[in-house]
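Engineer: have a look at this prediction, sequence included:
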Amino acid sequence: MKKDGDWLHADEKKYQYLSVITVNGNNYRLYYLDTCALSELVKDRAGFGSNLLNLVLSDGLIAISPHSLWELKSSPAVYKDVIEVITSLPTVLLKSEDAIINDEYQSLENSIVNIDPIVNHLMKALHAKHGLDILALIDKHITEKKKDVFKQDRDETFKIIASKPSNIYSREELKLKANIEYSVQLVAYEIATAFLLTEINHYSNLKKEFPIANFLSLMSISYIIHYKYQQVERKGTESDIQDILMSALYPYVDMVITERHQCAIVKQIQKRHNFFNNLKIISMNQVRLEKYDE
């Protein structure tokens with residue numbers, strides 16, 4: 001795997017749900033920071049921010065989602081501070097969920113294609129070395145048009161939450177592990193039709209079953225939807241949708257730093273369904289207290 005310039009020359013050692021990359025001969029993990037963690041990084045630099053960077057930079061790279069940058073842009077002062085910090089550190093920009101889904105399909109159809117979750121690196125000094133404008137690069141990925149696309153994705157996710165999984169199984173039935181796993185695949189398949197309808201029809205015409213379980217991003221999104229909404233009636237919020245969409249990248253990173261409720265959900269999925277096997281998820285409170293073995 002090679003990235004822009006001469007920064008990343010990595011032979012990616014791939015395991016299911018695990019992605020270790022090599023930079024200048026050293027192995028690094030991808031620490032996926034959600035929007036809240038990025039915001040707190042600059043708001044509490046001496047406490048949370050210092051602890052977070054000590055954790056991440058010991059063996060990893062900061063990994064961020066385009067969704068986080070879109071969300072942060074609504075708070076210009078925080079956005080400016082976040083960009084200033086992350087572009088001075090080893091940081092990579094991850095792909096959006098639609099790009100990952102497309103890569104998963106290409107990998108499915110072509111066994112020599114590897115899924116690389118990184119779209120670019122965001123270190124100002126390295127971009128300057130190659131005459132590239134880091135802020136122009138970020139703006140290329142964070143445009144008003146893309147914000148509109150994100151809003152459409154969010155609205156579609158709200159619709160899925162409103163109708164699924166309750167119209168497949170009752171909430172009582174969804175207490176059973178087998179029912180959840182079947183429902184997760186059905187909802188993942190429904191989400192897939194928004195991205196891969198032509199490809200799904202191709203499989204249908206060949207009378208072949210579409211291998212939805214191979215689309216780890218869609219399975220991840222569906223598991224999160226189920227565990228956010230299966231126990232009690234909840235209405236979706238923008239924060240919930242952000243968590244759901246960002247979870248598409250969970251199978252392709254090593255660590256996730258997020259809020260406590262999302263951590264609890266992922267740990268429950270790991271325990272019950274053998275999914276997210278090698279993912280470590282850490283709450284923001286654990287970072288504050290520097291307690292990482294909970």
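Structural biologist: Nice, I can see it. Numbering: from 1, shown residues only.

Engineer: pLDDT below threshold where in the stretch 1-150 of the chain?
Structural biologist: Across the stretch 1-150 of the chain, the ranges flagged by pLDDT under 70 are 1-26, 143-150.

Engineer: could you redo the last one with a cut-off of 80?
Structural biologist: Low-confidence segments of the stretch 1-150 of the chain (pLDDT under 80): 1-27, 111-113, 125-132, 135, 137-150.

Engineer: and stretch 281-291, C-alpha only, in PDB?
Structural biologist: Taking C-alpha atoms only, stretch 281-291 is exported to PDB below (Å, rounded to 0.1, in the frame of the first residue of the first chain):
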ATOM      1  CA  ILE A 281     -13.000   0.400  22.200                       C
ATOM      2  CA  ILE A 282     -12.100   2.900  24.900                       C
ATOM      3  CA  SER A 283     -14.400   5.500  26.500                       C
ATOM      4  CA  MET A 284     -13.500   9.100  26.900                       C
ATOM      5  CA  ASN A 285     -13.800   8.700  30.700                       C
ATOM      6  CA  GLN A 286     -11.200   5.900  30.600                       C
ATOM      7  CA  VAL A 287      -8.900   8.300  28.800                       C
ATOM      8  CA  ARG A 288      -9.500  11.000  31.400                       C
ATOM      9  CA  LEU A 289      -8.700   8.500  34.200                       C
ATOM     10  CA  GLU A 290      -6.000   6.700  32.200                       C
ATOM     11  CA  LYS A 291      -7.700   3.400  33.000                       C
END
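
Engineer: residues touching it, excluding its own?
Structural biologist: 36-37, 40, 47-48, 51-52, 55, 255-260, 262-263, 266-267, 292, 294 (C-beta atoms under 8 Å, 6 or more residues apart in numbering). Just so you know, the C-beta spots here come from the backbone N, C-alpha and C atoms, and that holds for glycine as well.

Engineer: with stretch 87-101 instead?
Structural biologist: Residues outside stretch 87-101 that contact it (C-beta under 8 Å, 6+ apart): 23, 28, 30, 32, 53, 57, 61-67, 103, 115, 117-125, 134, 138, 141, 153, 192, 195-196, 215, 217-218, 221, 245, 248-249, 252-253.

Engineer: cutoff 7 Å now
Structural biologist: If you take C-beta atoms under 7 Å, 6 or more residues apart in numbering as the criterion, stretch 87-101 is touched by 61-66, 117-124, 134, 141, 195-196, 215, 217-218, 245, 248-249, 252.

Engineer: now find how far off-centre it is within its chain.
Structural biologist: The offset between the C-alpha centroid of stretch 87-101 and the centroid of the whole chain comes to 9 Å, using C-alpha atoms, centre = their mean, to the nearest Å.

Engineer: can you show me the helices along the stretch 101-250 of the chain?
Structural biologist: 124-129, 134-141, 144-163, 177-205, 216-229, 238-246 (DSSP state H, counting those that start in this stretch).

Engineer: how about these in TSV, adding distance to Met284 and mean neighbour count?
Structural biologist: Shown next, in TSV, are those (distance: least, C-beta to C-beta, whole Å; neighbours: other C-beta atoms under 10 Å):
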stretch	distance to Met284	mean neighbour count
helix 124-129	26	15
helix 134-141	24	14
helix 144-163	23	14
helix 177-205	27	16
helix 216-229	18	24
helix 238-246	13	21
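
Engineer: now distance to Ser111 too, for those helices, in CSV please.
Structural biologist: Output for those, formatted as CSV (distance: least, C-beta to C-beta, whole Å):
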stretch, distance to Ser111
helix 124-129, 33
helix 134-141, 29
helix 144-163, 29
helix 177-205, 16
helix 216-229, 16
helix 238-246, 28
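
Engineer: mean pLDDT lowest where, among the ones you listed?
Structural biologist: Among the helices of the stretch 101-250 of the chain, helix 144-163 carries the lowest mean pLDDT, at a mean of 65.

Engineer: on that earlier part again, any of the contacts of stretch 281-291 buried? List them.
Structural biologist: Buried subset of those (neighbour count, 16 or more other C-beta atoms under 10 Å): 36-37, 40, 48, 51-52, 55, 255-259, 262-263, 266.

Engineer: if we only consider those residues, which is nearest to Ile168?
Structural biologist: Nearest to Ile168 out of the buried ones among the contacts of stretch 281-291 is Val266 (C-beta to C-beta; 22.4 Å).

Engineer: run a quick neighbour tally on Asn214.
Structural biologist: Asn214 has 12 neighbours, counted by other C-beta atoms under 10 Å.

Engineer: could you check how far the closest residue to it other than its chain neighbours is from Glu190?
Structural biologist: Nearest residue to Asn214 in three dimensions, chain neighbours excluded: Leu108, at 5.7 Å (C-beta to C-beta, 6 or more residues apart in numbering). From Leu108 over to Glu190 the distance is 18 Å, taken as C-beta to C-beta, to the nearest Å.
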